[in-house]
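Trainee: Could you look at this predicted model? Sequence included:
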Number of protein chains: 2
Amino acid sequence: MHKKLFIPGPVEVSEDVLQKMATPMIGHRSKDASILQRSISDKMKKLMYTKEEILLSTSSGSGLMEGAIRSCTRKRAAVFSVGAFGNRWFEMAEANNVPADLFKSDLGEPTTAQMVDEVLATGKYDLVTITHNETSTGITNPIEEIAEVIKKYPEIVFCLDTVSSLGGVKIEVDKLGVDICITSTQKALGLPPGMAICSMSKKAVEAAKNVKFRGVYLDLLTLHKYIQKKDYQYPSTPSLSHMFALDYQLDKILEEGLDNRFARHEEMANIVRDWAKKNFELFCEEKYSSATLTTIKNTKEISVADLNKKLGERGYAISNGYGDLKEKTFRIGHMAETTVEEVKVLLAEIEDILGLK
Amino acid sequence: MHKKLFIPGPVEVSEDVLQKMATPMIGHRSKDASILQRSISDKMKKLMYTKEEILLSTSSGSGLMEGAIRSCTRKRAAVFSVGAFGNRWFEMAEANNVPADLFKSDLGEPTTAQMVDEVLATGKYDLVTITHNETSTGITNPIEEIAEVIKKYPEIVFCLDTVSSLGGVKIEVDKLGVDICITSTQKALGLPPGMAICSMSKKAVEAAKNVKFRGVYLDLLTLHKYIQKKDYQYPSTPSLSHMFALDYQLDKILEEGLDNRFARHEEMANIVRDWAKKNFELFCEEKYSSATLTTIKNTKEISVADLNKKLGERGYAISNGYGDLKEKTFRIGHMAETTVEEVKVLLAEIEDILGLK
């Protein structure tokens, strides 16, 4: 039996979008391939509120995160982390011999603008990575405040991980001054995993030109150059299936209306948060709690594995806590095409299984 | 109108295989995900004639080529090239600060066992890259002879690019002593682009353990470790759509029978070669001419672009020559699920357009 996914990615994908994954192949050096990539790019610019170039990568979001920190760090990167995916960015720097320092918040706490300001004031750094929405803990960082601080340091290339938020939350890339905004298909964009997407500012392009060993496949400058050189084509053979589906899904997202879409995500989040507060506790302060997934403290000491097994028998899946937070927390994803009604049904099923109310 | 693809990848994909790309999502940390990846791995071992581990990468073949040379070169890599994709392997080494030398054959000539022997006898190298089937020129290197020579040098990690041949030509990985055999989905395997696959020998694993900066996303050792640690799972979120389709298509390939499949490719190649010899000339010596694509010298000085445009109007696509060989050659792909009959129809269409016979 198929389980309806309320995990923080991959998400449930609409049947019509899945069907676009079955589109017959075209040559990746054809005019049609250029038209397809340019169409995706134009729509992604609207969704990201940016005029900068859009890069596609046949990889997971991790691929572009690694590409960004390796391609654009000339001096030293300041990596701010509020969980597993922030830490991963630091591991990527280390594995690529990119000088970097890791600044971790206490578990459940956000990255603050003050932390960022203190670190950047040292003058040691020329690249910053911030997690917008940490998938492992469900924390959304106060990105507007952080962005204001980063603007004081014009030499900084500002990289933002929006893998589990973009498409569900308004992220105004140009207004925030984000140089590289990274996301991927299998979260709030509502597509199967397999493609990552980022914006790349002119400042980031210039930065990359001053980095010698950037690799090839994940190098952002290589992707950027190919768009210019080959009229919106990809240096190797891209996942055309994802491109067909992404192009189609972006139309659907724009048709729903961005403000409507963001409001729907906020409404789903509010319902899950209220339910969590009534029955358990929120893992982090409500003002930092994500609009796309909610991490819930397991204050009733239920067996999360057992709950998920029973949900599975009813055709639903949620997520256990990530890493050390396993069984101490559980996570409910509420993003992409999931509706308010579906969220209510899920919560009622959980109540029924746990004998709540 | 859809054009039937006779280009050297992406290839035409069967409707039932395309439909598998539309399979609903599952969690990538579920037991079902482990079962899926293990199933693919078991079947790929049969197709590669290997008992070594199989790694999947959500990337193009280039991603794993870069991963292989970066992950496993401790001392210095000897890169043998017979065209654009061989050269690309050298560019990847350079872009990753991996010490390497490039050994190019003259245009249209293969890499010979003697060349490899002379280079390895210097004792300077611990990794060799060989192109089995060069997509840009349609040359198949004499891999048995080359493999025999490489066996004399037990310290060598032997990397083989079979991107445009595996699935259409018998490549006995263990018998040849190939340590990393790389392919991808969009050529003779008959799937959409977006996933790369390789075998990795124990020798290659040990080599990678002695390389410090291997990166993360394309690092072969990271992929290998995750299979052990997480029971055939992937370090980040893989393209599950490709995995569903690959698992299904491998069943179809094994049902056709490997020997039947290889014989069908040989038959298609013979038909195209005979036609080319009658009407034009083969680009390379017949004994080095590929079983999956044929490069034809444009001795009649036709406009290849014009021919392809007219073929397009009839619902077919072939490829112009690659890079500098544009208009000087043209390429016909005959691989994956293409049939002997379809090849004959294509050639008849070309004859009709060019007024041949």
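Mentor: It's in. Numbers count the residues shown, from 1 in each chain, chains lettered A, B, ... in the order given.

Trainee: Could you pick out the residues of the stretch 51-200 of chain A near chain B for me?
Mentor: A:58-63, A:66, A:70, A:88, A:91-92, A:95-97, A:184, A:186, A:192-195 (CB under 8 Å from any CB of the partner chain). Every residue, glycine included, has its C-beta placed from N, CA and C.

Trainee: at 7 Å what do you get?
Mentor: A:58-60, A:62-63, A:66, A:91-92, A:95-97, A:186, A:192-194 (CB under 7 Å from any CB of the partner chain).

Trainee: got the residue ranges for the helices in chain A?
Mentor: Along chain A, the stretches classed as helices by DSSP state H are A:15-20, A:31-48, A:61-72, A:84-95, A:113-120, A:143-150, A:173-176, A:202-209, A:220-229, A:240-256, A:258-279, A:304-313, A:340-354.

Trainee: between those helices, which gets nearest to residue A:126?
Mentor: Across the helices of chain A, residue A:126 has its closest neighbour in helix A:202-209 (7.3 Å, CB to CB).

Trainee: tell me the angle that closest one makes with helix A:220-229.
Mentor: On the basis of axes from the mean of the first three to the mean of the last three CA atoms, to 10 degrees, helix A:202-209 is oriented at 110 degrees to helix A:220-229.

Trainee: re earlier: taking the helices of chain A together, which one is wrapped up most tightly?
Mentor: helix A:61-72 (a mean of 28; mean count of other CB atoms under 10 Å in any protein chain shown).

Trainee: Which strands and helices lie in contact with that one?
Mentor: strand A:53-57, helix A:84-95, strand A:127-131, strand A:157-161, strand A:180-184, strand A:196-200, helix A:202-209, helix A:220-229 (3 or more CB pairs under 7 Å, 6 or more residues apart in numbering or on different chains; DSSP states H and E).

Trainee: With mean pLDDT and distance to residue A:348 as added columns, please give the ones you listed in JSON lines.
Mentor: Below are these laid out as JSON lines (pLDDT from 0 to 100; distance: least, CB to CB, whole Å):
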{"stretch": "strand A:53-57", "mean pLDDT": "98", "distance to residue A:348": "39"}
{"stretch": "helix A:84-95", "mean pLDDT": "97", "distance to residue A:348": "30"}
{"stretch": "strand A:127-131", "mean pLDDT": "98", "distance to residue A:348": "32"}
{"stretch": "strand A:157-161", "mean pLDDT": "98", "distance to residue A:348": "33"}
{"stretch": "strand A:180-184", "mean pLDDT": "98", "distance to residue A:348": "31"}
{"stretch": "strand A:196-200", "mean pLDDT": "98", "distance to residue A:348": "35"}
{"stretch": "helix A:202-209", "mean pLDDT": "98", "distance to residue A:348": "46"}
{"stretch": "helix A:220-229", "mean pLDDT": "96", "distance to residue A:348": "45"}
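
Trainee: Out of the helices of chain A, flag the one nearest residue B:312.
Mentor: That would be helix A:31-48 among the helices of chain A, by CB to CB, at 10.3 Å.

Trainee: Now do that closest one: everything it contacts.
Mentor: Where contact means CB atoms under 7 Å, 6 or more residues apart in numbering or on different chains, the residues beyond helix A:31-48 that reach it are A:26-27, A:51, A:54, A:56, A:167, A:171, A:173, A:181, A:197, A:199, A:231-234, A:243, A:246-247, A:250, A:253-254, A:258.
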